[in-house]
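below are the sequence and a predicted model; questions follow.
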Amino acid sequence: MKKNLLIALTAVAVTFASCGETKTEAPAAVIPATPLTGDASLIVDAAASKVTWKGDMLGLYSHEGNINIKDGSVTLKDGKVTGGSFTIDMSSIKPTDANYSAEDNHTAENLVGHLSSPDFFDIANNPTATFAITSVEGNKVNGNLTVRGKTNPETLELGAITLDGQNVKLNGKMTFNRQNYGVAFAMPVKDKVLSDDIVIGVDLLAKK
């Protein structure tokens with residue numbers, strides 16, 4: 001009987017030892033997909049994106065402001081821009097500088113009217129401008145800019161790309177010669193020279 005009891009206790013001990021050695025493998029970590037890994041196609045959030053612009057009256061002052069983006073898209077591969085385009089609403093030009101003189105009838109409203117006229121962007125006939133990416137080399141985003149119905153190759157110098165949840169923010173700067181787009185207005189006063197260069201800054205928020 002003692003022998004049978006010993007055998008029984010040994011079996012119980014082996015059973016508990018076996019249970020103690022049982023290991024449960026932890027589930028594999030799930031890495032959420034983000035626009036910065038792999039291929040991604042994102043839609044530009046027009047309400048949260050914008051373009052800034054600046055033009056200089058050489059030696060005197062400058063004017064600058066904002067203009068709205070109408071729509072757009074961005075394609076990425078592992079966090080790098082590979083393609084896309086955006087459309088600018090030319091009717092939304094809004095000056096933000098303070099270089100005006102009401103006494104000389106030189107107001108922000110008058111500037112908008114002048115920029116909208118055939119002297120400049122002829123917005124009635126050309127309500128939008130576009131930039132379509134053709135290639136990307138490092139931080140240089142090459143593309144075709146269309147303004148006033150004329151298209152020329154331009155380069156957007158990409159600043160930064162940041163991840164915000166499932167969204168991507170990117171910004172860049174471009175300088176283009178207005179004469180290449182038929183924006184050929186010349187100042188009637190000899191001592192006032194309007195720069196041919198227009199500088200635009202692009203801030204895009206694109207969502208997956």
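Arrived safely, thanks for sending. Numbering: from 1, shown residues only.

quick check: mean pLDDT of stretch 133-140?
Mean pLDDT, stretch 133-140: 94.

what residues of that stretch count as buried?
133, 136 (16 or more other C-beta atoms under 10 Å). Using the backbone N, CA and C atoms, a C-beta is placed for each residue, glycine as well.

which residues are in contact with that stretch?
When contacts are defined by C-beta atoms under 8 Å, 6 or more residues apart in numbering, stretch 133-140 is touched by residues 80-85, 141-144, 153, 155-159.

now with 10 Å, please.
73-75, 77, 80-86, 141-144, 153, 155-161, 172 (C-beta atoms under 10 Å, 6 or more residues apart in numbering).

what number of residues lie near residue 96?
Neighbourhood size, residue 96 [other C-beta atoms under 10 Å]: 12.

okay but it is in contact with residue 50, surely?
No - with contact defined as C-beta atoms under 10 Å, residue 96 does not count as touching residue 50 (11.0 Å).

report the set of residues contacting both of the two.
Joint contacts of residue 96 and residue 50 (C-beta under 10 Å, 6+ apart) are residue 66.

mind showing which ranges of the protein have poor pLDDT?
1-34, 59, 187-192 (pLDDT under 70).

how about the strands in it?
39-44, 50-58, 61-77, 80-89, 94-95, 128-137, 140-147, 150-164, 167-177, 193-207 (DSSP state E).

any chance of those strands in a markdown table with distance to residue 109 as columns?
A markdown table is the format used below for the strands of the chain (distance: least, C-beta to C-beta, whole Å):
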| stretch | distance to residue 109 |
| --- | --- |
| strand 39-44 | 29 |
| strand 50-58 | 17 |
| strand 61-77 | 12 |
| strand 80-89 | 18 |
| strand 94-95 | 9 |
| strand 128-137 | 22 |
| strand 140-147 | 22 |
| strand 150-164 | 27 |
| strand 167-177 | 25 |
| strand 193-207 | 19 |
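
quick one: closest of those strands to residue 122.
strand 140-147 (10.0 Å; C-beta to C-beta).

picking that back up, among the contacts of stretch 133-140, name the buried ones.
Applying 16+ other C-beta under 10 Å to the contacts of stretch 133-140 flags 74-75, 81, 83-86, 141, 143, 155-156, 158, 161, 172 as buried.

hmm, which two among the residues you listed are most spread apart?
Farthest apart among the buried ones among the contacts of stretch 133-140 by C-beta to C-beta are 75 and 155. That separation is 18.2 Å.
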